[in-house]
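1. Model the following, please.
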Amino acid sequence: MRNANVIRSPWTGIPVRAVAVTFLLTLLSFAVALLLSILGTIVYSVAAHAAPNLPFAYRHIAFPFAISVGAIVLVFTLGMEIRNHRRKNAAQSTDTSTRGHETSSSIPRIAIPVPHSGDREYAERSIPQYEDAVRQAGGSPVRIELDQSPTQVMQQIECCDAVLLPGSRADIDPQKYSAARHPKTAPADPKRDMVDELLLQDAYNMHKPVLAICYGLQSLNVYRSGTLVQHIESTVNHSPGRTVVDAHTVKIEPDSKLAGIVGAGTTPLAVNSSHHQSADLAGDGLRIVARSPQDGVIEALEGAAPDHFVLAVQWHPERSVNEAPEASESARAIFRAFIGAARAKHAELTGELERMNSK
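-> As a prediction, this is how the structure comes out:
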C-alpha cells in the first residue's frame, strides 16, 4: 500500500519542460543547419561557377533537418522527463517509508526462550513479564518455542540481536557439571536446555548481548563450564516467591559493570528472590560481581570481556520494573543497559549486512 503522506511531483510539468527544451534545441539546430547549408551552397556555387541558390538551401536542407532534429529531441526529452519523474516519486516514496519505519527497523530483537516445556501454564504466566520489560526498555521480544527442531531454532536466532534467558521451574541436570543429584534438585528440562545452548552458542560466536535471570544465570554458568550449588542451606530465605518485593540484599562489587548500571556503591541493593540454587564455581570468562552479604551466596555474574555484554542476576528484575521507584529503578536500569547493548549490536549487524549487499 502506498503511503498517503507522500507528496508526489506533479506530472503536468513534463510537457511544459519537454516542449520548451524541444523548441530551444530545434531553433538552435535550424540556425546551425541554415548556416551550414548556406556555407555549403556558397562553396558549391563557387566551385561550379554558378549563382548560389539560397532559397533551395533553406527549403530543402535547413528546414527539413531542423524538423527532424526537433522530432528526435521531443521524443528523447519526453522519455527523459518521464523517467526522471518516476525516479523522483520513487525516491520520495522510499524516503517517506524509511522515515516512517526508521523507529521499528532500529528496534533490537531479543530472543527469549519459553521458560518451561512441561508446564505451559507457568510458562504463559511468567514470560509476558520478560517481554513487557524488554518492550519498555525499547526492544522487541521474540519468543522461542521449545518444541522446535534445532534448525528451526537457529533460523529464529539468526534474526535476533541479543538473548534473554528467563527463569524456570526446572533445574540443570547435575551430570552436566559432574555432580551427583541432590534430593531437592528438580527434574531437568532437556528442551529448554537445548534451546539455551543454541542461544548461548550463537551469542558467544557473534558477541550478541546476554541477560540471564535466575535459572538463566545457572544455565549460562553451566554452559561456560561452571558448577552449581544444588540446594541453598541458609538462614536467608532465597525463595520467598514472587509476592515479596524485597526478599534480601545483595552486595555488588563496586568496580563491576553491574555497579555502573544500577548505581550501586557501598550500600547493598534490595532485591526479590525465588531460587533454591545458585552458582558455585564461576564459568569460563565469567566473574562473580554480587553476593548476598549475610551468607555469601552468589547473586550475580558478568562477562569478563569488555567488548561483550554478558550479565546474569539471580533475582528477577522483570518483576520489579513496574514497582515503586525504590524497587524499579535498578530493574529498569538493567533492562536499559541490556537493550542499549542490543541496539548497538543491531546497528553493527545491519551495517555489516549493508556492506555485504553493496559489494
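2. Going by C-alpha atoms from here, please, whenever you check contacts or count neighbours.
-> OK.
3. Pass me the low-pLDDT residue ranges in the stretch 51-200 of the chain, would you?
-> Applying pLDDT under 70 to the stretch 51-200 of the chain flags the ranges 52-54, 56-62, 66, 70, 81, 83-104.
4. switch to 80 and redo it
-> Applying pLDDT under 80 to the stretch 51-200 of the chain flags residues 51-105.
5. Show me the helices in it, by range?
-> Assigned by DSSP state H, counting those that start in this stretch, the stretch 51-200 of the chain shows helices spanning 54-57, 63-105, 120-137, 150-157, 190-206.
6. Distance from the chain centre to the third one, please.
-> So the one you mean is helix 120-137. Centroid displacement of helix 120-137 relative to its chain, using CA atoms, centre = their mean, to the nearest Å, is 20 Å.
7. elements contacting it?
-> Contact partners of helix 120-137 among helices and strands, from 3 or more CA pairs under 8 Å, 6 or more residues apart in numbering; DSSP states H and E: strand 140-144, helix 325-358.
8. Next, the buried residues of stretch 326-343.
-> Neighbour counts using 16 or more other CA atoms under 10 Å place 327-343 of stretch 326-343 among the buried residues.
9. Give me the contact list for stretch 109-117.
-> By CA atoms under 8 Å, 6 or more residues apart in numbering, the surrounding residues in contact with stretch 109-117 are 122-123, 126-127, 131, 134, 139-147, 157, 159-170, 189, 191-192, 195-196, 199, 342.
10. make it 6 Å
-> Contact partners of stretch 109-117, identified using CA atoms under 6 Å, 6 or more residues apart in numbering, comprise 123, 140-145, 160-164, 168.
11. Of those residues, keep whichever come out buried.
-> In the contacts of stretch 109-117, the ones that pass as buried (16+ other CA under 10 Å) are A123, S140, P141, V142, I144, E145, C160, D161, A162, V163, L164, S168.
12. Quick check, H276 in contact with H231.
-> Yes - with contact defined as CA atoms under 6 Å, H276 reaches H231; the gap is 5.4 Å.
13. If you count surrounding residues, which of the two has more?
-> H276 (19 against 15; other CA atoms under 10 Å).
14. so what are the domain limits for this protein?
-> According to automatic domain parsing, the chain comprises the domains 13-103, 106-353.
15. Deepest in the core, which of the ones you listed is it.
-> Counting by mean count of other CA atoms under 10 Å, domain 106-353 has the highest mean neighbour count of the domains of the chain, with a mean of 19.
16. Quick one: end-to-end distance for that domain.
-> End-to-end distance for domain 106-353, by CA to CA, to the nearest Å: 14 Å.
17. For the stretch 201-350 of the chain, which residues score under the pLDDT cut-off?
-> Filtered on pLDDT under 80, the stretch 201-350 of the chain yields the residue ranges 242, 264-266.
18. what about the strands in it?
-> Secondary structure of the stretch 201-350 of the chain (DSSP state E, counting those that start in this stretch): strands at 210-213, 228-229, 248-252, 269-271, 278-279, 286-291, 298-303, 310-313.
19. Of these, which is nearest E352?
-> Ranking those by their distance to E352 (criterion: CA to CA) puts strand 210-213 first, at 20.5 Å.
20. which residues are in contact with that closest one?
-> Applying CA under 6 Å, 6+ apart, the external contacts of strand 210-213 come out as V163, L164, L165, P166, G167, V310, L311, A312, V313, Q314.
21. Out of those, which is nearest to H207?
-> Using CA to CA, the contacts of strand 210-213 come closest to H207 at V310, 9.2 Å.
22. beta partners of that closest one?
-> V310 has these beta-bridge partners by DSSP bridges: V210.
23. how far away is it from I213?
-> From V310 over to I213 the distance is 11 Å, taken as CA to CA.
24. what's the answer for R287, then?
-> Using CA to CA, we find R287 at a distance of 16 Å from I213.
25. now V229
-> Applying CA to CA, the value for V229 to I213 is 16 Å.
26. And for Y122?
-> 16 Å.
27. again with L25
-> Noted for L25: a distance of 74 Å to I213, by CA to CA.
28. L286 now?
-> In this structure, L286 and I213 are 15 Å apart, going by CA to CA.
29. what do you get for H308?
-> Relative to I213, H308 is positioned 17 Å away (CA to CA).
30. As a quick check, tell me the outermost residue of this protein.
-> Distance from the centre of the chain peaks at H49, with 84.5 Å (CA atoms, centre = their mean).
31. a markdown table for the strands of the stretch 201-350 of the chain, including distance to S68?
-> As requested, the strands of the stretch 201-350 of the chain are exported to a markdown table (distance: least, CA to CA, whole Å):
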| stretch | distance to S68 |
| --- | --- |
| strand 210-213 | 71 |
| strand 228-229 | 90 |
| strand 248-252 | 86 |
| strand 269-271 | 87 |
| strand 278-279 | 88 |
| strand 286-291 | 81 |
| strand 298-303 | 77 |
| strand 310-313 | 74 |
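32. Can you say which of those is nearest to A179?
-> strand 228-229 (8.9 Å).
33. which residues make contact with the closest one from outside it?
-> Strand 228-229 is contacted from outside by Q277, S278, A279, D280, using CA under 6 Å, 6+ apart.
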